[in-house]
Each structure stands twice: as structure tokens, then as C-alpha cells.
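J.: no sequence on hand, only this structure:
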């Protein structure tokens, strides 16, 4: 009898608690999450993700819609695949999704989240962004280093001319161009050697391999990030590679910083000549709002070099790849260049506003081949309602820009490469038109977009202005593969090889 009374009492208590919970915490009963596939135990929906995650997620979005929720291991993940959903996360609720989740890549390759890309939202990140915008990416500063971009572009075009008639891997030369420009602006000079006769801390080939590895490791789906209790095992070997890469960058950074410190020793009222000078000076400033340390200087420097180098080169390589599949588009571009510029000089940055077709080619490339096919993940800092769905604090949010570029409601025949779609349309790439977000938008938008645009536009325009283009041997346009490799940047799987011939007077080269 006692046992029965105890059971009844227990049931009554449970019922009471359930009622109280429903009265005082009604929201817990009514949470409405975005649709998505049912997760498996432990791995969640990781089984749905193939070698090209952006394409896997695009296919899922066609089933579940422009906002969907999955589970990657232990964490809820929301994917936004439309312009309207991107607007919700990056403008309407930008302040809630302005932080980053902690990842192994952020810890091991960016000096414990010391760069701008992976730093959590807060005073350190705000100060870093302010430093970038005030001391490097302002229009005044960018104008003051235009001569560097001009000099390196001329050298780049001369090197290509010397290879006239020979099959040439374009990406190698584009990467050298962008790396040299960024190195001179950020580091004060080139710190890599091109030939064996030059002595340097690192060769161009070695440094490019370091950058390729950095972009790959910052974009991989690392199991340990999503299932914390298997972190220790490093099942894919990514953390081991991250630590090895960090050692290589340490060696490079230490050499660069030692040189910069040496040149200001004993100099009274030293005036910074480049970004590293400035960062080292700020690290010694006792009055700075948030103290910078040696890792901060490394993180910011690496961020600037990597962010400014591979992204621009990859975009131009994709543009030339698409154009070589449709030679008539090259004819249309060169007709505009001959009419506006003539054949007596190179294209200058000030000419770009008069070249709408070149601009259209760039935008169409960024639509179909965004370098960041998925923007770096955002982290929900608090509970939020987006598009009628509940997003819980701690959710990771990915914006699938690759999917957005294929949204039928925004783009006619989205799988076709057609620059004409941008003629007469006022769609910019600066984060205000959410159907096209190559640099992101909102607080976490890439701060260096203005420099990136200058480098992409001028190199693309002069490649088309200065050379005739053809594929090597008997290769036909339809034989040109357009496969890609996933990472923080998304390059071609097989580098573009082309044959160039000069089309301007010889003295220009």
C-alpha cells in the first residue's frame, strides 16, 4: 500500500513539474527550428557532406529550402542559401551573428584566434578592424601605394610576354603578382626569391605552397571541431598539418620582424614605413585600448598576406577560364578596350569606370565562382528568430554564396556564364546587394575588398588588353575542366594552362 501511495505521489509530482514548466517556460514547448534532414547519432548530418560541401548543401537546400538546420556532430548548424536569408543574418540580425566559433584552424594556424578572420567578436576584433581600415585600406593610403600596383603589373605583363607562344600556367604568375604587391605594401619589400641565385628566407614556390595549405586547412571539415571528444585523436591528421604549417610561418615571421626591428634601432622618432612597422609600434604602445602581443602582430600580418594574395589570383584565373570557353566574350571585351583605351597604352585604374564590360565579367565570375563559396562561419551569440524560425545561442551559421549565385529567382539561366546579365544593372559587390556577396556583408565583411577589387580589375583588364589567348595544342574549349577544390578559398582543381601572344606594340612590354 505504501509503495502504491509513493508511486501516485511521484506521478503527481512529475505532472506538477510538467505543468509548471509549461506555464513558466512556454517557449521551450514551441521552438520552431528550420527544416532539415534527420541527424544520425554522434555524427549528425556529416554523412550528407561530400568533398565539395557547398554543392552538397546546395542540393539539400533544393529539398529543404533557403534556410535549413542540420547537425554537424554535436552542434546545430544553420545554412542560408538565398539573398533574403543572407540579409536576415548579415544585416537584420548582424549584431547577434557577428562572432566566430572556435576551431582547430583558428587555434593553430592563426595564433590562437589572433587574426581578424577568426577573432571572436569583441574589443580585440574591433580594434584590429579599425587598424586595417585606418592604416591600410583607406582610399588615401590605397592611392599612395598605387605606384606599387602599377610597377608590379608592368613586370607581370612583361614576364607573360617573354613566355609568348609557350603553354603557361597562369595561376603561378597571378599569385606572384598579387603576393608581390601585398608583400611590398604590408612587409615593405619582397621576402621571397624566384631563382636559385637569389638568397631569401623562402622561395616563391615554397611560400605559395604555405598559402595553399593555409587556405585548405582553414576550410576543411575537421571532425574534431564538430565532435569534441574525438579531438585528441586527430582522425584526419589535419591538426598535425596545422602545427607543421605554423612552424613554417613562425620562421618567416620571425625573420621579417627581426629585420624591421633592426632598421629602427637607434632611430629617434621612427616613422613606420609599412604595416609591419606600424603593428610592431602598436604592440609597444602602452596607451593602446587593447594590448597587442607578438602573436597579434603575426596573426594580423598573416591575415593580410593570405587574404590579399590567393583570393585575387583565384578570381582572375576563374574569369580567364570562363572566357576561354567562350572566345566570343573575349572579342567583346577587347573591342571595348580598343575603343576606350586604344592600343597605345595599358589600362590604368582610373579607366575602370569607363569599362563596363570588364566590370561585368568580374561580377559574373564572382557570381558563378565566388572564392569563398561559403562565408567563414558565424556564431549565434544569443537566441534569435530568423525568418520565422528559432535559432539557438551557440548555433553555427554558414552563408552559402555558391548556392546564392544559382538562385533561379535572382538569376536567369544561372549555370551559364553570361556577363551581359550585369550590363545596365546596378548590382555592386560591396555587401549591399545580397544576391552577390563575394566579400561578405555586415560587421564581418572582408575589410580589404577595396584593394582586392583594384587588383582584380586592373590585372583582368590588362590580360585581355595585352594578349591574344588560346588553349594549348589541339585542346578545345569544351575540353577545359571547370572542377574545383574546396577550402577557405575555392580554386580550380586543375590549373589553367594557356598560350598568350602580345597584341599591343612591342615597346609597351
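T.: Nice, I can see it. Keep in mind that what you see is a predicted model, and the values were worked out from it rather than measured. Residues are numbered from 1 along each chain as shown.
J.: ok, residue 82 to residue 65 distance?
T.: 8 Å (Cβ to Cβ, to the nearest Å). C-beta here means a position set from N, CA and C on the backbone, and glycine is covered the same way.
J.: try residue 115
T.: Distance of residue 115 to residue 65, given as Cβ to Cβ: 34 Å.
J.: residue 352 reaches residue 457, doesn't it?
T.: Yes - the pair residue 352 and residue 457 qualifies as a contact (Cβ atoms under 8 Å) at a distance of 5.0 Å.
J.: between the two, tell me which one has more neighbours.
T.: residue 457 (21 against 18; other Cβ atoms under 10 Å).
J.: pretty sure that one is touching residue 359, no?
T.: Yes - taking contacts as Cβ under 8 Å, residue 457 lies within contact range of residue 359: 7.2 Å.
J.: neighbour count winner among residue 82 and residue 65?
T.: Using other Cβ under 10 Å as the criterion, residue 82 and residue 65 rank with residue 82 on top: 22 against 16.
J.: so what's the more buried one up against?
T.: 66, 67, 403, 404, 407, 409 (Cβ atoms under 8 Å, 6 or more residues apart in numbering).
J.: ranking these by neighbours, who comes first?
T.: residue 404 leads the contacts of residue 82 on contacts (other Cβ under 10 Å) with 28 neighbours.
J.: can you pull out the strands in the protein?
T.: 67-72, 75-80, 168-169, 192-193, 202-203, 378-379, 384-386, 389-391, 396-399, 467-470, 497-502 (DSSP state E).
J.: now render those strands as TSV, adding distance to residue 299.
T.: Converted to TSV, the strands of the chain look like this (distance: least, Cβ to Cβ, whole Å):
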stretch	distance to residue 299
strand 67-72	26
strand 75-80	25
strand 168-169	31
strand 192-193	20
strand 202-203	19
strand 378-379	19
strand 384-386	29
strand 389-391	29
strand 396-399	22
strand 467-470	38
strand 497-502	35
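J.: of the ones you listed, which is nearest residue 437?
T.: strand 396-399 (7.1 Å; Cβ to Cβ).
J.: partner strands of that closest one and their direction?
T.: strand 75-80 (parallel), strand 378-379 (antiparallel) (DSSP bridges).
J.: the first one: how far from the chain's middle?
T.: Taking Cα atoms, centre = their mean, to the nearest Å, the mean C-alpha location of strand 75-80 is offset from the chain mean by 19 Å.
J.: what average pLDDT does that strand get?
T.: On average, the pLDDT along strand 75-80 is 98.
J.: low-confidence bits of this structure, can you list those?
T.: 1-29, 196-198 (pLDDT under 70).
J.: switch to 90 and redo it
T.: Scanning the chain for pLDDT under 90 picks out 1-30, 193-201, 264-269, 287, 307-311, 425-426, 487-489.
J.: okay, now the domains of it?
T.: Following automatic domain parsing, the chain resolves into domains at 1-30, 31-508.
J.: between the contacts of residue 82, which sits nearest residue 189?
T.: Closest to residue 189 out of the contacts of residue 82 is residue 404 (39.5 Å), distances taken as Cβ to Cβ.
J.: about what we covered before: a markdown table for the strands paired with strand 396-399, including distance to residue 291 and mean neighbour count?
T.: Converted to a markdown table, these look like this (distance: least, Cβ to Cβ, whole Å; neighbours: other Cβ atoms under 10 Å):
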| stretch | distance to residue 291 | mean neighbour count |
| --- | --- | --- |
| strand 75-80 | 31 | 24 |
| strand 378-379 | 24 | 24 |
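J.: not counting its neighbours along the chain, what's nearest residue 470?
T.: Distances taken as Cβ to Cβ, 6 or more residues apart in numbering put residue 499 closest to residue 470, at 5.1 Å, once the chain neighbours are dropped.
J.: residue 327 versus the nearest residue to residue 157 once chain neighbours are set aside, what's the distance?
T.: Closest residue to residue 157 apart from its sequence neighbours, by Cβ to Cβ, 6+ apart: residue 466 at 5.4 Å. Per Cβ to Cβ, residue 466 is found 17 Å from residue 327.
J.: and those two? which has more neighbours close in?
T.: The residue with more neighbours, out of residue 466 and residue 327, is residue 466; 23 against 13, by other Cβ under 10 Å.
J.: how far away is the residue nearest to residue 157 from residue 150?
T.: Applying Cβ to Cβ to residue 466 and residue 150 gives a distance of 14 Å.
J.: residue 228 against residue 75, yeah?
T.: No - taking contacts as Cβ under 8 Å, residue 228 lies outside contact range of residue 75: 9.2 Å.
J.: joint contacts of the two?
T.: With Cβ under 8 Å, 6+ apart, residue 228 and residue 75 have no common neighbours.
J.: state the distance from the most centrally placed residue in the chain to residue 142.
T.: By Cα atoms, centre = their mean, the chain has its centre lying nearest to residue 372, at 4.4 Å. Distance from residue 372 to residue 142, counting by Cβ to Cβ: 22 Å.
J.: for residue 172, same thing?
T.: 26 Å.
J.: contacting residues around residue 145?
T.: 184, 185.
J.: for residue 223, what are its contacts?
T.: Counting by Cβ under 8 Å, 6+ apart, the residues that residue 223 touches are 46, 73, 230, 235, 236.
J.: how about a cut-off of 7 Å?
T.: 230, 235, 236 (Cβ atoms under 7 Å, 6 or more residues apart in numbering).
J.: now those as a markdown table including distance to residue 442 and neighbour count?
T.: Formatted as a markdown table, the contacts of residue 223 follow (distance: Cβ to Cβ, whole Å; neighbours: other Cβ atoms under 10 Å):
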| residue | distance to residue 442 | neighbour count |
| --- | --- | --- |
| 230 | 33 | 13 |
| 235 | 34 | 13 |
| 236 | 32 | 13 |
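J.: filter these down to the ones in helices?
T.: Taking DSSP state H, every one of the contacts of residue 223 sits outside helices.
J.: closest one to residue 495 out of these, please.
T.: Once Cβ to Cβ is applied, the member of these that ends up nearest residue 495 is residue 236, at 25.0 Å.
J.: so how far is residue 385 from that closest one?
T.: Residue 236 is 36 Å from residue 385, by Cβ to Cβ.
J.: now do the end-to-end distance for stretch 347-359.
T.: Across stretch 347-359, the terminal residues are separated by 13 Å (Cα to Cα, to the nearest Å).
J.: any idea which of the domains of the chain is most buried?
T.: domain 31-508 (a mean of 18; mean count of other Cβ atoms under 10 Å).
J.: span of it from start to end?
T.: 66 Å.
J.: again, but for stretch 400-413
T.: 19 Å.
J.: how far does that stretch sit from the chain's center?
T.: On Cα atoms, centre = their mean, the centre of stretch 400-413 falls 19 Å from that of its chain.
J.: which outside residues touch it?
T.: 54, 57-58, 61, 79-83, 86, 367-368, 370, 372-375, 414-415, 421, 435, 437.
J.: so which of the residues you listed sit within helices?
T.: Using DSSP H, the contacts of stretch 400-413 in helices are 54, 57, 58, 61, 83, 86, 367, 368.
J.: the second one reaches residue 78, doesn't it?
T.: What that stands for is residue 57. No - taking Cβ atoms under 7 Å as the definition, residue 57 is not a contact partner of residue 78, at 10.9 Å.
J.: now the helices for the stretch 1-150 of the chain?
T.: 2-24, 27-30, 53-64, 83-87, 104-109, 123-135, 139-144, 146-162 (DSSP state H, counting those that start in this stretch).
J.: need the longest helix for this protein.
T.: Assigned via DSSP H, the chain shows its longest helix as helix 294-325.
J.: who are the packing partners of that helix?
T.: helix 170-186, helix 204-217, helix 238-264, helix 275-283, helix 356-368, helix 449-466 (3 or more Cβ pairs under 7 Å, 6 or more residues apart in numbering; DSSP states H and E).
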